[in-house]
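>>> Next input, structure requested:
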Amino acid sequence: MIILLLAVTISSFRNVGIFSVESDFYGVYAVQTERILNGDIYSYQHNPPGYYLLLAGVSIFFDNSFVAAKVISAISLALLTWVIYALMKTIVSYKLSRTKLFLKSL
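Now for the predicted structure:
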């Protein structure tokens with residue numbers, strides 16, 4: 001939860017609409033999302049429409065598709081952090097139990 005709040009806070013300082021990192025977003029993602037929201041056919045042939053459909057679904061709750069994309073990124077970051085934590089907890093616990101078993105056998 002802390003990671004999610006931190007990601008949302010940091011992303012709120014990002015200027016929207018500059019032509020640097022967002023060139024792909026405003027050139028492809030935002031256009032296709034607007035097409036999906038308007039009921040038009042998905043026409044971008046280089047990627048499957050999964051992210052665009054998710055972005056269109058989240059964009060319903062926000063006025064701006066860029067803000068919706070930042071929310072998706074923040075939630076994804078929080079989920080990825082939790083998965084990495086759970087994975088590392090399992091790996092470290094397994095290695096510690098093996099070491100403990102080895103030391104007991106001596």
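>>> any idea how far residue 81 is from residue 62?
23 Å (CB to CB, to the nearest Å). C-beta here means a position set from N, CA and C on the backbone, and glycine is covered the same way.
>>> Might you report the residue contacts of residue 4?
Residues near residue 4 by CB atoms under 8 Å, 6 or more residues apart in numbering: 74, 75, 77, 78.
>>> For this protein, give me the ranges with low pLDDT.
For the chain, residues meeting the criterion pLDDT under 70 lie at 11-23, 97, 100-102, 104-106.
>>> what's the longest helix in it?
The single longest helix within the chain, with elements called by DSSP state H, is helix 65-105.
>>> about what we covered before: redo the contacts of residue 4 as TSV? Include neighbour count and distance to residue 42.
Output for these, formatted as TSV (neighbours: other CB atoms under 10 Å; distance: CB to CB, whole Å):
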residue	neighbour count	distance to residue 42
74	19	25
75	14	23
77	16	26
78	18	28
